[in-house]
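In: sequence and predicted structure below; questions after.
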There are 4 protein chains.
Amino acid sequence: MTSTRGATIGIGMVGYAFMGAAHSQAWRTVHRAFDLPLTPRMAVLCGRDRAAAEAAAAKLGWASVETEWKHLIESGDVDLVDICTPGDSHAEIALAALAAGKHVLCEKPLANTVAEAETMAAAAAEAATRGVRSMVGFNYRRVPAVALARRLVAEGRLGEIRHVRAQYLQDWIVDPEFPLVWRLRKDKAGSGALGDIGAHAVDLAQFVTGAAITGVSGLTETFVGERPLPGGAGRGPVTVDDTALFLARFDGGAVGTFEATRFASGRKNALRLEVNGAAGSLAFDFEAMNELAFHDHTEDPELGGFRRIQVTEPGHPYVGAWWPPGHGLGYEHTFTHEVRDLLAALAAGEDPEPSFADGLQVQRVLAAVEESAAASSVWTRVGAHGTG
Amino acid sequence: MTSTRGATIGIGMVGYAFMGAAHSQAWRTVHRAFDLPLTPRMAVLCGRDRAAAEAAAAKLGWASVETEWKHLIESGDVDLVDICTPGDSHAEIALAALAAGKHVLCEKPLANTVAEAETMAAAAAEAATRGVRSMVGFNYRRVPAVALARRLVAEGRLGEIRHVRAQYLQDWIVDPEFPLVWRLRKDKAGSGALGDIGAHAVDLAQFVTGAAITGVSGLTETFVGERPLPGGAGRGPVTVDDTALFLARFDGGAVGTFEATRFASGRKNALRLEVNGAAGSLAFDFEAMNELAFHDHTEDPELGGFRRIQVTEPGHPYVGAWWPPGHGLGYEHTFTHEVRDLLAALAAGEDPEPSFADGLQVQRVLAAVEESAAASSVWTRVGAHGTG
Amino acid sequence: MTSTRGATIGIGMVGYAFMGAAHSQAWRTVHRAFDLPLTPRMAVLCGRDRAAAEAAAAKLGWASVETEWKHLIESGDVDLVDICTPGDSHAEIALAALAAGKHVLCEKPLANTVAEAETMAAAAAEAATRGVRSMVGFNYRRVPAVALARRLVAEGRLGEIRHVRAQYLQDWIVDPEFPLVWRLRKDKAGSGALGDIGAHAVDLAQFVTGAAITGVSGLTETFVGERPLPGGAGRGPVTVDDTALFLARFDGGAVGTFEATRFASGRKNALRLEVNGAAGSLAFDFEAMNELAFHDHTEDPELGGFRRIQVTEPGHPYVGAWWPPGHGLGYEHTFTHEVRDLLAALAAGEDPEPSFADGLQVQRVLAAVEESAAASSVWTRVGAHGTG
Amino acid sequence: MTSTRGATIGIGMVGYAFMGAAHSQAWRTVHRAFDLPLTPRMAVLCGRDRAAAEAAAAKLGWASVETEWKHLIESGDVDLVDICTPGDSHAEIALAALAAGKHVLCEKPLANTVAEAETMAAAAAEAATRGVRSMVGFNYRRVPAVALARRLVAEGRLGEIRHVRAQYLQDWIVDPEFPLVWRLRKDKAGSGALGDIGAHAVDLAQFVTGAAITGVSGLTETFVGERPLPGGAGRGPVTVDDTALFLARFDGGAVGTFEATRFASGRKNALRLEVNGAAGSLAFDFEAMNELAFHDHTEDPELGGFRRIQVTEPGHPYVGAWWPPGHGLGYEHTFTHEVRDLLAALAAGEDPEPSFADGLQVQRVLAAVEESAAASSVWTRVGAHGTG
């Protein structure tokens, strides 16, 4: 018995750690939940250590293994390259894939520098003229509650936006004896909380409001300057920020506060967003990801109040493919929805969102925060700094 | 490249509606997330309409199709029969499968009558002596927060249990124009809210407390007596309960209130449980399924209070196989965990839980509630009634 | 400078423990917050021990002291008798006061038996024909959120009521070494959790729904049978219920579950009410007394959800006399509002609510619960039992 | 019968609007709830319009009236001057009162300029040498949950503080047709949201953490530039900030974000504070003022989580004087507690807190925010600017 649901597309994935496992779950599941014009084939997994990569491929469901990402790109089985490696290799892999005519899904951050991100965005724009598509993996856009938030803003239910409060709070390095992993080294990770999780907060705020951040005043701090080396051989310096805070202005006139930290004890994955508009307000916290709080300011004030919308109705974004009302989704579904939208765009011959240009805009905001933080928090225009 | 992770087990599933889709997701995923000694093969899907069943098999990932469940049982490819049909066919299919030496996973309620359930439990006990295993699908036991609740009670963190409050609240038939679907007909569904969702509340309360309900005082009500027939040809009588409420005593001395309804406007899938003990208390609501509220009554009262445990730590039940802290799971994971435990038990040669005997005990409670409701709510001992 | 705000009314209060302190705060404050046609004078406080009563009067603001309640009733300074004693003396004092032509505010429960309550209600009805008014102190009706809940139901915002869930949960006697205070002795208190706090839950449910409970099925339990005597001389038997649970039907067709307990560890004063109707639902918990949760079931389901109304708007019941939005009130304000309504009724020559007849109806429900509990939980009609 | 509870102190209050009503409630009540060595006499109320002042005095419980605040200060009946006027008159009245040897309670903000505040702080320090005491009215310190938060930090339960998030969110001028009241005019109010409500957020954060803000980067915005004049005669310019946001560093190494706004639709009086430390975290929101959320990071992570402490236990700050557990307090109690602490300090011959020096420190922070906002958000040291 063969599937009669149309064409397939060969996927090649580079990297198979946390993000690779999450993406694999998405690729395995997306056509089981959604009716799609294009069915993914999990063709090739790439990892440097063949034995480990083969074990991962067997567990995660990939048909074959490569140890060189260039071979993966060249493979005739691969139509789309899914980049799940650390940020310092994104640019090289993505540029090669696009040049080879392969679609690209690239995990965030798009790159470790604005310069790289600019090159990538330019390459993506050029590739699009050839029908080669690219997307950056801001998966939190695909939380149904977040997509509903965007819809409410777009429909004008919030009126003119005044305030944004965006935070991404974690606590996994509160303990000063937590080791100096690669995410705490600037050469590998580019930045610390700012790029790793702050990038999500920036994208989320811009996506939901539909407005771009135009300028910032930033502050960064490293609370724990030295940590044990992973091997146990003494201690080494932490070279990234432990936290980044900034004030922002949006092109629609709104103002906002942003914060990213891994030192908020008790907050595990609190990607939180509050938006206040003249006609209503929203609040979201990923720790309760199936809910959106909405206040309709046009109501009778005696009956008004933030309502807890369970974003599990069939008409809510993405939800119709899943379970009945009240039967919530989990973290991994954000990736399933991401690849759903990507496959739908590919089948339609359209550019998926968020684009590399969107990823570049986020990088420019992060760069402006770092620049401001290095210059006594002075107001810094996004895109106006030296490297941007 | 082949998997080297040991033996496989052929699965045959009967039915492919809501439960069938959820079970399929579990069978496709379980070995991708967990390291298991036994890997499921999704061998056969059974449905009466061949074309529809083939479409479902293609979408859900089953290798072949049968239109007669007896053929599925006989299939050499099938080692385990997964029963996802309405309750009126559970007994016949399960008995045949056990007789044929096939393991059985049977959706709840185990059967539509206590007599059927007794027969099934006896057959399961007999089959177990032959190494043929059976399990009833009370999937909510596999919510990590529920499993943690059970662990806390078992560890004595709540002390002697005094109070149980269990509710399963939905609202999908509040509208009197909602049609007379099969779930509202006694011949098909056995009972209404009581058996469909009340069964989950009963199992949950008994599972978490580790205590059995020994007697009840019940009340049932049908608010909307007639509804439009699905075809549009007039109206027909609702022959099941719209709601069931009961008081209960547990064998450890606790008392409880129970309620199941589909008329609680605004509650979508609120399976809620509160347990108060001499040393602590718990509260759970499936609408926030990744959280457990816990109060430690042995603490300094000035610092005490219900804490919101995010049940997403690696040491929490089932969670280690998934994502980092704060990255929650969804409804479907309850089934993935269910089949994980089932496969682990099969590989170990042990009886999985909940057993058919557990399912029978729940049926006896439900029957006692109906019997009490029919006799002016008089106290009714569980298992002591005519059919039990 | 003298007040020019009209007539005064002399208040005499019997008892000065917890309730006496709360009532004193109300009498001192009510005319400072509200514009009233009648200003209370705190004339006489009655307590058996003169020295203790004088100290209490000085602290609480009463002008003089009596040690015999009969003298208080006879005092020419006293126009209204406020009864804050334990339930076993309510009937005698209230009957004497009404006979003497004094208005009466009587704390709940109205009496310890239905027979006493019937006599009191009859006397109150007779007194009303003479312009002598009476009121029973179900103060929780005067929480602004509760009054708003009543308003919403009365306006039809909930449609036909289907479900009531009412609980009054405390935890002050979880410890079995807590002493055998008078509230745990039937001769003094009449009953345990049932009459002390269950009475509030019953009144609240009937008040908010506007429907009367017509029948019940009850269960009571005493978890700790013996406790240390207060003096330290050994142990004595607990002669009241530790908890009472019951199912109920209301005259409008709704069904409900009720629970009163002092063994719900972690719940301090959780008087909780949920009401589900065909058009909407409400939820209230006194532990967050300035909030009302409301779900409007007539809304677009994609935007619906329980909203948290902060009941602090000027148009909300009682709130206009106090502070700006968001500046909440406390427990004691329920008494201030209670005497506000009482004084307004007196000035208007109307009967205040809740009346003694309302108090009697609550007593009849409690008696039916006890009767049912003593008769294997069999359904028991309210008002149909021997003593009612 | 006379009170035997010791000496009295004559109070004179200037102003009788919102703050005056709240303070009156405190002065009337404090000795009724608390056992105090010093009992307040509500001697003189001052207002410019005699008739209105007399009506207010009658309603609020003041014995006499003056129309000139200088006469109030000179009155032999007045030992303590309570200043409840707008900020532009604070300095003059307070300086005169201190010079006359009268104790002073001054509402916040201490003054409209740093220069005035410095003069007042110096005068207060000098007066203290003569036994004349002064206090500034940051009443939110006296919310029991806030005082408990301070206690937990002081006891080291949070460890080293890393993060502060402080917001004061209201929504009363979201509507652009809301009139141009005096609080929107710089000449009267000094500043807008920054001084009116941001001052509370600053004091709260410094009080709870026990750390001083040393530098800031600020941003202010006026969303609605013109509003209707109150009289109805056209429109006038808004000359204060509608919102102020800033980043901050504390002298203990913590960093923070601050926000004050009256444009957060749906937030009524959301004075919110989150503090994250190495050993634990706190969260508070005045909209649920009887609760404190506390996370103990030293616990087993599988049982950890923010607990909801109901700050209503007898051992909690201020609570023992009031009602049993679970019976919460309201906004006005913050003032009752404030004057309790003031009277206790006076009786003990000690300086009450917060002092005028504390008020000055807050003013310096606010001035630094304005200075930074006017200078492209550049980092600005508190106390280092021109006027400080």
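Out: Here it is on my side, so go on. Numbering: from 1, shown residues only, chains lettered A, B, ... in the order given.
In: residue A:194: what's its closest spatial neighbour, skipping adjacent residues?
Out: Once flanking residues are discounted, residue A:194 sits nearest to residue A:244: 3.8 Å by Cβ to Cβ, 6 or more residues apart in numbering or on different chains. (Glycine included, C-beta is placed from N, CA and C.)
In: now do the particular helix or strand that has the one you found in it and strand D:243-250, the angle between them.
Out: Residue A:244 belongs to strand A:243-250 when assigned by DSSP states H and E. Here strand A:243-250 points in a direction 160 degrees away from that of strand D:243-250 (axes from the mean of the first three to the mean of the last three Cα atoms, to 10 degrees).
In: beyond strand A:243-250, next helix or strand please.
Out: strand A:255-261.
In: run a quick neighbour tally on residue A:50.
Out: 11 (other Cβ atoms under 10 Å in any protein chain shown).
In: do stretch A:142-153 and chain D meet?
Out: No: Stretch A:142-153 stays out of contact with chain D when judged by Cβ under 8 Å from any Cβ of the partner chain, the minimum separation being 13.1 Å.
In: ok, that stretch near chain B or not?
Out: No: judged by Cβ under 8 Å from any Cβ, stretch A:142-153 and chain B are separated, with a smallest distance of 10.8 Å.
In: what of stretch A:103-113?
Out: No: under the criterion of Cβ under 8 Å from any Cβ, stretch A:103-113 makes no contact with chain B; the nearest approach is 15.0 Å.
In: endpoints of that stretch, how far apart?
Out: One end of stretch A:103-113 to the other measures 22 Å (Cα to Cα, to the nearest Å).
In: pretty sure the residue nearest to residue A:194 contacts residue A:199?
Out: No: applying Cβ atoms under 8 Å, one finds residue A:244 not in contact with residue A:199, separated by 10.3 Å.
In: now do the contacts for residue A:174.
Out: A:262-263, A:265, D:278, D:297 (Cβ atoms under 8 Å, 6 or more residues apart in numbering or on different chains).
In: which helix or strand contains the residue lying closest to residue A:246 once chain neighbours are set aside?
Out: Closest residue to residue A:246 apart from its sequence neighbours, by Cβ to Cβ, 6+ apart: residue A:218 at 4.0 Å. Per DSSP H and E: residue A:218 is located in strand A:213-221.
In: with residue A:115 instead?
Out: helix A:114-129.
In: which secondary structure elements does that helix contact?
Out: The contact analysis (3 or more Cβ pairs under 8 Å, 6 or more residues apart in numbering or on different chains; DSSP states H and E) places helix A:114-129 against helix A:90-99, strand A:134-137, helix A:356-374.
In: give me the below-cutoff pLDDT ranges for the stretch 251-388 of chain A.
Out: Across the stretch 251-388 of chain A, the ranges flagged by pLDDT under 70 are A:384-388.
In: show me which positions of stretch A:191-199 end up buried.
Out: A:191-199 (16 or more other Cβ atoms under 10 Å in any protein chain shown).
In: got the angle for the helix holding residue A:115 vs helix A:90-99?
Out: Using the same axes, to 10 degrees, helix A:114-129 lies at 10 degrees relative to helix A:90-99.
In: run the chain-centre distance for helix A:114-129.
Out: 18 Å (Cα atoms, centre = their mean, to the nearest Å).
In: and it, which residues are buried?
Out: By 16+ other Cβ under 10 Å, the buried positions in helix A:114-129 come out as A:114, A:116-121, A:123-124, A:127-128.
In: got the CA coordinates for it in PDB?
Out: Taking Å, rounded to 0.1, in the frame of the first residue of the first chain, the C-alpha atoms of helix A:114-129 are listed here in PDB:
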ATOM      1  CA  VAL A 114      25.400  40.600  12.000                       C
ATOM      2  CA  ALA A 115      27.900  40.400   9.100                       C
ATOM      3  CA  GLU A 116      27.300  36.700   8.700                       C
ATOM      4  CA  ALA A 117      23.500  37.200   9.000                       C
ATOM      5  CA  GLU A 118      23.600  39.900   6.300                       C
ATOM      6  CA  THR A 119      25.400  37.600   3.900                       C
ATOM      7  CA  MET A 120      22.900  34.900   4.600                       C
ATOM      8  CA  ALA A 121      19.900  37.100   4.200                       C
ATOM      9  CA  ALA A 122      21.300  38.400   0.900                       C
ATOM     10  CA  ALA A 123      22.000  34.800  -0.300                       C
ATOM     11  CA  ALA A 124      18.500  33.800   0.700                       C
ATOM     12  CA  ALA A 125      16.900  36.700  -1.200                       C
ATOM     13  CA  GLU A 126      19.000  35.700  -4.300                       C
ATOM     14  CA  ALA A 127      18.100  32.000  -3.900                       C
ATOM     15  CA  ALA A 128      14.400  32.900  -3.600                       C
ATOM     16  CA  THR A 129      14.600  34.200  -7.200                       C
END
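In: let me see the mean pLDDT of it.
Out: When pLDDT is averaged along helix A:114-129, the result is 97.
In: stretch A:151-167 too?
Out: For stretch A:151-167, the mean pLDDT works out to 98.
In: could you do stretch A:222-238 as well?
Out: pLDDT averaged over stretch A:222-238 gives 93.
In: convert the C-alpha atoms of that stretch to PDB, please.
Out: The C-alpha trace of stretch A:222-238 is given here as PDB (Å, rounded to 0.1, in the frame of the first residue of the first chain):
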ATOM      1  CA  THR A 222      28.000  38.300  34.000                       C
ATOM      2  CA  PHE A 223      27.300  37.300  37.600                       C
ATOM      3  CA  VAL A 224      29.700  34.300  37.800                       C
ATOM      4  CA  GLY A 225      33.000  35.100  36.100                       C
ATOM      5  CA  GLU A 226      34.600  31.700  36.400                       C
ATOM      6  CA  ARG A 227      33.300  28.200  36.300                       C
ATOM      7  CA  PRO A 228      34.700  24.700  36.500                       C
ATOM      8  CA  LEU A 229      35.900  23.400  33.200                       C
ATOM      9  CA  PRO A 230      33.800  20.400  32.000                       C
ATOM     10  CA  GLY A 231      36.700  18.000  32.100                       C
ATOM     11  CA  GLY A 232      37.400  18.800  35.700                       C
ATOM     12  CA  ALA A 233      40.700  20.500  35.100                       C
ATOM     13  CA  GLY A 234      40.400  23.700  37.000                       C
ATOM     14  CA  ARG A 235      38.300  26.700  36.100                       C
ATOM     15  CA  GLY A 236      37.900  29.000  33.100                       C
ATOM     16  CA  PRO A 237      36.400  32.400  32.400                       C
ATOM     17  CA  VAL A 238      32.800  32.800  31.300                       C
END
